[in-house]
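> 3D model of this:
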Amino acid sequence: MERRTIGAAALEVGAVGLGCMPMHWAYTTSQQHGDRSLRTVHAALDAGTSLLDTADMYGPFTNELLLGRVLGQRRPDAFVSTKCGLLVGDQHIVANGHPKYVRRACDASLRRLQTDVIDLYQLHRADPEIPVEETWGAMAELVGAGKVRALGLCAVGARAAGAGARAARRGPGEDLHAGTIRQLERVQQVFPVSAVEAELSVWSPEALERLLPWCEARGIGFLAAMPLGNGFLTGTLTPGQGFEPDDVRARHPRFTAEMMAANQPLLVGLRRVARRYGATPAQVALAWVLGRGRHVVPVPGAKREPWAVENARAAELALTARDVAEIAALPPVRASWE
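Residues are numbered from 1 along each chain as shown. Now for the predicted structure:
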């Protein structure tokens, strides 16, 4: 697989990563199986994927434990990205940016992952009660101690915040990621940011406005979360199929039966491009993300071997200018709030 570099530290990873969240968090619990997930991680590594993206809250903790079983055998094959900053309680999630917590969380992740060093340690969410500089400073100390190689900031929750910003009417120059950029500018004064993880896909291209160019101008890697639109861009979901109550898509405004049906033209367009290459809509969607820049690494989630292998092979697909223009001309995605 093609290799790409992340950040000023030139951390090298396979062009397509593996998002491990669906194995233990946010998606249908009945489809989560430990042994199958283990095989999926191994299959991804065999296919050239190296970046494994997880977090201590996935499970919580169980996803890191699972990856630890793989890393105990194949640590040289993997680039490990995990996150701290969110605590899972009974029916709630809270941010925790206390420096003491960050140090404890890192040590606990190292034990679960069965490794001596975390390649990329990300702040999952900033704690509104703690200056982000203090949290970032504690994370920087971990780099100095040799426990972490590089630091990143996760901005996957920006869409929810952006919806509120729209309701309040954004000011001049404001966009979905304006708050994230302000945070990045603050922490950059403390210790270099190597990577930013945020949503980017044909389904959600908002990061193209300011966040992606901001990262590129500063040599910061961009990990594209949810590049397959929570599964919609795979073309395997049926409008009106319904989701189990614990699945985040059961409450997602783009996954109502009405909106899934309304957004089918996007899939029709992706399938049309895919036919030219004997590819799948998912591979075209990933190739589109890969084409946004050499500093971009899509991190599609997968919990089954065939999907992980299919996603990895998207790195072999190079879209033409005609393909990109055709995708850009497709109807914009709609949601029930729009």
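
> what does stretch 46-53 contact?
1, 13-14, 16-21, 41, 44, 67, 70, 77-82, 197, 223, 297, 299, 308-309, 311-313, 315 (Cβ atoms under 8 Å, 6 or more residues apart in numbering). Where C-beta positions appear, they are placed from N, C-alpha and C, glycine not excepted.

> Next, the distance between the ends of it.
Stretch 46-53 has an end-to-end distance of 16 Å (Cα to Cα, to the nearest Å).

> Run the chain-centre distance for it.
When C-alpha coordinates are averaged (Cα atoms, centre = their mean, to the nearest Å), stretch 46-53 and its chain have centres 14 Å apart.

> What residues sit buried inside it?
Residues Ala47, Gly48, Thr49, Ser50, Leu51, Leu52, Asp53 are the ones in stretch 46-53 that count as buried (16 or more other Cβ atoms under 10 Å).

> One more: stretch 182-195?
Going by neighbour count (16+ other Cβ under 10 Å), the buried part of stretch 182-195 is Gln183, Leu184, Val187, Val190, Phe191, Pro192, Val193, Ser194, Ala195.

> With stretch 137-156 instead?
Buried residues in stretch 137-156, counted by 16+ other Cβ under 10 Å: 138-143, 147-156.

> which ones among these are found in helices?
Judged by DSSP state H, the subset of the buried residues of stretch 137-156 located in helices is Ala138, Met139, Ala140, Glu141, Leu142, Val143.

> sorry, back to before: now render the buried residues of stretch 182-195 as TSV, adding pLDDT.
As requested, the buried residues of stretch 182-195 are exported to TSV (pLDDT from 0 to 100):
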residue	pLDDT
Gln183	96
Leu184	97
Val187	97
Val190	98
Phe191	97
Pro192	96
Val193	97
Ser194	97
Ala195	97
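
> Of all pairs in those, which one spans the longest distance?
Spatially, the most separated pair among those is Val190 and Ala195, at 15.8 Å (Cβ to Cβ).

> where in the stretch 201-338 of the chain is pLDDT low?
For the stretch 201-338 of the chain, the stretches with pLDDT under 70 are 336-338.

> Quick check: of the buried residues of stretch 137-156, which lies closest to Pro99?
So of the buried residues of stretch 137-156, ranked by how close each gets to Pro99 (Cβ to Cβ), first place is Ala138, at 3.5 Å.

> Of the buried residues of stretch 46-53, which belong to strands?
Among the buried residues of stretch 46-53, the members found in strands (DSSP state E) are Leu51, Leu52, Asp53.

> Closest to Gln241 out of these?
Nearest member of these to Gln241, counting by Cβ to Cβ, is Asp53, at 26.9 Å.

> which residues does that closest one form a beta bridge with?
Gly19, Ser81 (DSSP bridges).

> Ok, Val94 next?
Leu87.

> what's the pLDDT at it?
Confidence at Val94, expressed as pLDDT, is 94.

> Could I get the ones in strands among the buried residues of stretch 46-53 in TSV, plus columns for pLDDT and distance to Pro331?
Listed next are these as TSV, based on pLDDT from 0 to 100; distance: Cβ to Cβ, whole Å:
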residue	pLDDT	distance to Pro331
Leu51	98	32
Leu52	98	35
Asp53	98	30
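
> Is it possible to get JSON lines of the residues you listed that adds distance to Ala335?
As requested, these are exported to JSON lines (distance: Cβ to Cβ, whole Å):
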{"residue": "Leu51", "distance to Ala335": "29"}
{"residue": "Leu52", "distance to Ala335": "30"}
{"residue": "Asp53", "distance to Ala335": "25"}
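
> which one of these is nearest Gln114?
Of all those, Leu52 has the smallest distance to Gln114: 12.8 Å, by Cβ to Cβ.

> Endpoints of stretch 180-199, how far apart?
Its first and final residues considered, stretch 180-199 spans 12 Å by Cα to Cα.

> Please disregard the earlier target; I meant stretch 90-101.
Stretch 90-101 end-to-end distance (Cα to Cα) = 19 Å.

> Contacts made by that stretch with the rest, please.
Defining contact as Cβ under 8 Å, 6+ apart, one finds that stretch 90-101 is touched by 57, 84-87, 123-130, 132, 134-135, 137-138.
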